[in-house]
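In: Build me a model:
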Amino acid sequence: MKVHDYHQGNRDLQDKFGTRRLADRMAERAAETLGEGERWFIEEANMFFLATCDKRGMPTCSYKGGDVGFVRVVDEQTLAFPNYDGNGKYQSMGNLLENPNVGMLFIDFAGQQRLRIQGVATIDENDPLMAEYHEAQFIVRVRITESYPNCPRYIHKQTLVEKSEYLPEIGRETPQPAWKSRPEYQD
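Out: Residues are numbered from 1 along each chain as shown. The predicted structure is shown next:
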C-alpha cells in the first residue's frame, strides 16, 4: 500500500491514535515483489488464510492447508497453490471468478511471525503445476500487488501437533470426512 492508497477511514483512525507517520513508513516498505526472506517464509508454510469478496463486496475468509511447500513462489511477483476437495460450496474460489482480488495471511505460530499478501488471482484447471499436486482440482495463481510483514505482537506461540489425515498423498486413497456421509448432506 502506497501512502496515497490510504482512504479517509484509515486516516481518521491513524490520526485518532497517533499512528499516521508510522503507517506512512510501513506503507513505504510494502513491495509488489518478494525478497528471499518472504519467499522462504511462504515456501515453509503449511497453511494460510485466504480472504475473498464476492461481486457485492461481501467478504469471506477461509483456511487453506497442505504440506510444507504447497504454496509455490513461481517468481518474485507470483504465488501458486492447489485447490483440493472441500465442502463443495466453492465460496472462496467462486468469489475469485467474480472478483479476483485476494488477501493472504501467512502465520508462523512457532516463530511468531506473519506476512500479508494482496493480489489478483486466476484459476486454471490446465495449469502446468497440476501434475505436481496430487488430487488438485485446479491451481490458483496470485499476482502480488502488495507484500509486507505484519505486526507479530499478538501471535500466540503454538506448534503443530499432527498433520491432517485428509491431506492428499500419492499411493493412498484420501479418506472421506465423516460429515460428508451424514444423511442431511446426501442427495
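In: any idea which element V142 lies in?
Out: Element membership of V142 [criterion: DSSP states H and E] is strand 138-150.
In: the inter-axis angle of the least confident helix or strand in the chain by mean pLDDT versus strand 138-150?
Out: Across the helices and strands of the chain, mean confidence by mean pLDDT, DSSP states H and E is lowest for helix 20-29: a mean of 88. If you take axes from the mean of the first three to the mean of the last three CA atoms, to 10 degrees, helix 20-29 sits at 140 degrees to strand 138-150.
In: who's in contact with stretch 122-129?
Out: The contact list for stretch 122-129 (CB atoms under 8 Å, 6 or more residues apart in numbering) reads 72, 80, 82-83, 93, 96-97, 100, 137-141, 143. For every residue, glycine as well, the C-beta is placed using N, CA and C.
In: Now with 10 Å, please.
Out: For stretch 122-129, the surrounding residues in contact (CB atoms under 10 Å, 6 or more residues apart in numbering) are 72, 74, 78, 80-83, 93-94, 96-97, 100, 130, 133, 136-143.
In: same question, stretch 153-168
Out: For stretch 153-168, the surrounding residues in contact (CB under 10 Å, 6+ apart) are 46-47, 65-68, 70, 82, 84-86, 107-114, 133-136, 169, 174-177.
In: which of those are buried?
Out: Among the contacts of stretch 153-168, those buried by neighbour count (16 or more other CB atoms under 10 Å) are 46-47, 66, 70, 82, 84, 107-108, 114, 133, 136.
In: give me the number of residues near Y154?
Out: Neighbour count for Y154, taken as other CB atoms under 10 Å: 7.
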